[in-house]
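J.: Sequence and predicted structure, then a few things I'm wondering about:
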Amino acid sequence: MAVAIAALCGIAALYCSEIIYDNIRDSGAPDMRALPAWRAHMASGCVGSLAFVTALFLLQSLAGRSKGSALRSAVPWFPLVALTGLATAVQIPIYLVVGVSAVYSPWAYLQTRLSR
């Protein structure tokens, strides 16, 4: 249940960061023209994945588990945060990021479930 709620938090953070980016871009801010669209959208993905990992850790901690156990639940998801962060800094095609995430996520979920 914690993974589902954390995923909802991650999706909400991704959506909010996209809304903020669109509002700033539409306001005509001069610095936003220099920011490539792929970088802004991938940064939104990074914010969403970071929010997911943070929410998962906090939910596991609030569930009465020790901090170490909560951290073991969140650690398998760190590579996804790193991947989206790297894709924000260096242009990695979105299909590659989505593909790697789709292949890696079941393993990370299994590791989260086994950490109980």
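T.: Here it is on my side, so go on. Note that this is a predicted model, so its numbers are computed, not measured.

J.: Low-confidence stretches in this structure?
T.: Regions of the chain meeting the criterion pLDDT under 70 cover residues 116.

J.: which residues in it form helices?
T.: 2-26, 37-62, 67-74, 78-89, 94-114 (DSSP state H).

J.: JSON lines for the ones you listed, including mean neighbour count?
T.: (Glycine included, C-beta is placed from N, CA and C.) Shown next, in JSON lines, are the helices of the chain (neighbours: other C-beta atoms under 10 Å):
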{"stretch": "helix 2-26", "mean neighbour count": "15"}
{"stretch": "helix 37-62", "mean neighbour count": "19"}
{"stretch": "helix 67-74", "mean neighbour count": "17"}
{"stretch": "helix 78-89", "mean neighbour count": "17"}
{"stretch": "helix 94-114", "mean neighbour count": "13"}
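
J.: OK, contacts around A63?
T.: For A63, the contacting residues are A2, by C-beta atoms under 8 Å, 6 or more residues apart in numbering.

J.: Could you find the residue nearest the spatial middle of this protein?
T.: Closest to where the C-alpha atoms of the chain average out (C-alpha atoms, centre = their mean) is S49, at 0.6 Å.

J.: Hmm, it is touching T84, no?
T.: Yes - assessed by C-beta atoms under 8 Å, S49 is found in contact with T84 at 5.0 Å.

J.: wait, what's in contact with V81?
T.: 46, 49-50, 53.

J.: ok, now S101?
T.: For S101, the contact set (C-beta under 8 Å, 6+ apart) comprises 80, 83.

J.: hmm, 10 Å instead?
T.: Contact analysis of S101 by C-beta atoms under 10 Å, 6 or more residues apart in numbering lists 45, 49, 79-80, 83-84, 108.

J.: what's the distance between the residue nearest to F52 when sequence neighbours are not counted and I19?
T.: In this structure, F52 finds its nearest non-sequential neighbour in G10, 3.1 Å apart by C-beta to C-beta, 6 or more residues apart in numbering. The gap separating G10 from I19 is 15 Å, by C-beta to C-beta, to the nearest Å.

J.: do the same with G99
T.: 26 Å.
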